[in-house]
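# Below is the structure, and that's it, no one-letter string:
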């Protein structure tokens, strides 16, 4: 099969299309012929060496497609089933292995490429809005990078739960996307904290921040007393060490650095979140914006576009 193989950590140029042996399933695993693989900042961190990736290795964990082989002990999935997962072993490939208990069935009303586009970010947006801070009717949330794949999903889920969204974006084009997704107010990054406090008469109860270094201080300043900053990513770089006393001075603030793995710790929790996602897509309540589709061999270009913030919505690789 063809796969993207990384032999050394580095820039996008280390993403090399290569012939590789077809994967075989171990006990409790399935092999999936992928219709599409999602491109995420998590993959960028793997490529750079910030997240673990054994070398030589295939990056990527998100994708969807049809099962072509099942391993011993798999009883609830069969050859021919269409599944999606955010836990593939190397999804930048034509075929990949995943543990059966980490694969979720894709219903007939959802195309496989949309399942690949939504799963990792959709599950993340779900736990952020339903568990990390449960949005209630009337809550106002600040969503950074509101026109990105995560931002568009977060905005829609907050609106589905009766909340109000203040989004940040960098361009007029991205502002339109954020507003079309339901954002009530859209700001640029300059002095956003001051604007948030003016719009809310003192701050918001929650900030969803996947940008990191460049927005962190402003995110804290956007919270009202006892507000929560959910720092779920670091697109602009990691946040430097901070004195916890900063949280006290801001009004007994809360700071969390959540990860998806801790919010899909059981099969039941995974299926709950995935069923909600696919149900909203099938009913038209959740729109998935695919901002770019790249042939598998163009993974390098996909990473370049993602890191340069030239994209909106979700990027996909198609074998």
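Right, received. Where do you want to start? Quick caveat: nothing in here was measured; it's all calculated off a predicted structure.

# Could you pull out the buried residues of the helix or strand of the chain with the lowest mean pLDDT?
Lowest on mean pLDDT, DSSP states H and E among the helices and strands of the chain sits helix 41-48, with a mean of 93. Residues of helix 41-48 classed as buried: 41-48 (neighbour count, 16 or more other CB atoms under 10 Å). C-beta coordinates here come from the backbone N, C-alpha and C atoms, glycine included.

# Including distance to residue 199, could the residues you listed go into JSON lines?
Below are those laid out as JSON lines (distance: CB to CB, whole Å):
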{"residue": "41", "distance to residue 199": "28"}
{"residue": "42", "distance to residue 199": "32"}
{"residue": "43", "distance to residue 199": "35"}
{"residue": "44", "distance to residue 199": "32"}
{"residue": "45", "distance to residue 199": "33"}
{"residue": "46", "distance to residue 199": "38"}
{"residue": "47", "distance to residue 199": "38"}
{"residue": "48", "distance to residue 199": "36"}
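
# Out of these, the closest to residue 260 would be?
residue 42 (9.2 Å; CB to CB).

# you'd agree the closest one is up against residue 121?
No: contact criterion CB atoms under 8 Å: residue 42 and residue 121 do not qualify, at 10.1 Å.

# In space, what's closest to residue 220 - neighbours in sequence excluded?
Spatial nearest neighbour of residue 220, excluding adjacent residues (CB to CB, 6 or more residues apart in numbering): residue 250 at 5.4 Å.

# quick one: that neighbour and residue 193, what's the gap?
Per CB to CB, to the nearest Å, residue 250 is found 11 Å from residue 193.

# So for the two, which residues contact both of them?
residue 221 (CB atoms under 8 Å, 6 or more residues apart in numbering).

# ok but residue 30 is inside a strand, no?
Yes: counting by DSSP: H, G, I helix; E, B strand; the rest coil, one finds residue 30 located in a strand.

# ok now do it, which residues does it touch?
Listed by CB under 8 Å, 6+ apart, the contact set of residue 30 reads 67, 69-71, 74, 77, 83, 97-98, 100, 103.
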